[in-house]
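Participant: Model the following, please.
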Amino acid sequence: MRVFTAVIAIAAGVIVLGGYFFPALTPVQTLLLNWAIILTGFAALVGIFNLIAVHTDKVRRAEKGSLYSALLVIALVATLIFGLILRPQHSFMQVALNGIILPVEAALMGLLSVSLLYAAIRLLRRRMDIMSVVFIITAVIIFLGSATLPFGDVPVIGTLIRPWVSQIWALGGARGLLIGVALGMLTTGLRVLFGADRPYGGN
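Facilitator: Residues are numbered from 1 along each chain as shown. Model (predicted):
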């Protein structure tokens, strides 16, 4: 059985990879990619149903935080029903998206940023070195340069230093990370393709 699953996985990988080089394999490649998209959609649905089941059970048991679980389930089901009936392009769904979902996401990202900065400052108590100080100074510059303040941008920091740091240094680092991730994914894919790693077989 493990050999059979390995043959299927390697064959699918070779066909998808070969579709980018040989036009004759493009229809089969498209078919396999469409199957992968369908399976990904079903996996997302399974995750949603599992989320509903877990939080519904939490409400039934009246555990701590069950009120938030109930609100989560109600909001999820209501959004799903209204989305299926009205469609995402409806004005009501657009109001819900722009007036509720996007502001909540922005608020959560803001809280995450502040929490990370606070954790970084606390880190200085345990490990004081040059890289920690550089990280804190850079984070403060980005915060002051990106924050929406009543009097506008902070002079020099918001107009000169912050764009230079974010568009040159940070962008270069982000591209380096993406290149590293791409190389890691390529290596992992080749190992699976050649059968060195078999995650689908339990090894």
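
Participant: In the chain, which helix is the longest?
Facilitator: Of all the elements of type helix in the chain, the one with the most residues (DSSP state H) is helix 26-60.

Participant: Could you list the domains of the chain?
Facilitator: Per the record's domain assignment (automatic domain parsing), the chain is made up of the domains 1-86, 88-127, 129-192.

Participant: For the ones you listed, which has the smallest mean pLDDT value?
Facilitator: Set side by side, these give their lowest mean pLDDT on domain 129-192, at a mean of 80.

Participant: Okay, helices next: where are they in the chain?
Facilitator: Using DSSP H, helices in the chain cover 2-18, 26-60, 66-86, 91-96, 102-126, 130-146, 162-164, 171-193.

Participant: Including mean neighbour count and distance to Val156, could these go into CSV?
Facilitator: From N, CA and C alone the C-beta is placed, and that goes for glycine too. Compiled in CSV, the helices of the chain are given as follows (neighbours: other CB atoms under 10 Å; distance: least, CB to CB, whole Å):
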stretch, mean neighbour count, distance to Val156
helix 2-18, 14, 50
helix 26-60, 12, 46
helix 66-86, 13, 43
helix 91-96, 13, 39
helix 102-126, 11, 21
helix 130-146, 14, 9
helix 162-164, 15, 9
helix 171-193, 11, 20
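
Participant: want to try a markdown table for those, with distance to Pro155 as columns?
Facilitator: What follows is those, written out as a markdown table (distance: least, CB to CB, whole Å):
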| stretch | distance to Pro155 |
| --- | --- |
| helix 2-18 | 53 |
| helix 26-60 | 47 |
| helix 66-86 | 43 |
| helix 91-96 | 38 |
| helix 102-126 | 22 |
| helix 130-146 | 11 |
| helix 162-164 | 11 |
| helix 171-193 | 23 |
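
Participant: closest one to Val154 among those helices?
Facilitator: Between Val154 and the helices of the chain, the shortest separation by CB to CB is 5.1 Å, and it involves helix 130-146.

Participant: So what touches that closest one?
Facilitator: For helix 130-146, the external contacting residues (CB atoms under 8 Å, 6 or more residues apart in numbering) are 113, 116-117, 120-121, 123-124, 153-154, 157-158, 161-163, 165-166, 170.

Participant: For it, C-alpha coordinates in CSV please.
Facilitator: As requested, C-alpha coordinates have been extracted for helix 130-146 and formatted as CSV (Å, rounded to 0.1, in the frame of the first residue of the first chain):
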residue,chain,number,x,y,z
ILE,A,130,23.0,45.1,20.1
MET,A,131,20.5,43.2,18.0
SER,A,132,17.7,43.5,20.6
VAL,A,133,18.3,47.3,20.8
VAL,A,134,18.4,47.6,17.0
PHE,A,135,15.1,45.7,16.8
ILE,A,136,13.4,47.9,19.4
ILE,A,137,14.6,51.1,17.7
THR,A,138,13.5,49.9,14.3
ALA,A,139,10.1,48.8,15.6
VAL,A,140,9.6,52.2,17.3
ILE,A,141,10.5,54.1,14.1
ILE,A,142,8.1,52.0,12.0
PHE,A,143,5.3,52.5,14.6
LEU,A,144,5.8,56.3,14.8
GLY,A,145,6.1,56.6,11.0
SER,A,146,3.0,54.4,10.3
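
Participant: could you check the angle helix 102-126 makes with it?
Facilitator: For helix 130-146 against helix 102-126, the angle by axes from the mean of the first three to the mean of the last three CA atoms, to 10 degrees is 150 degrees.
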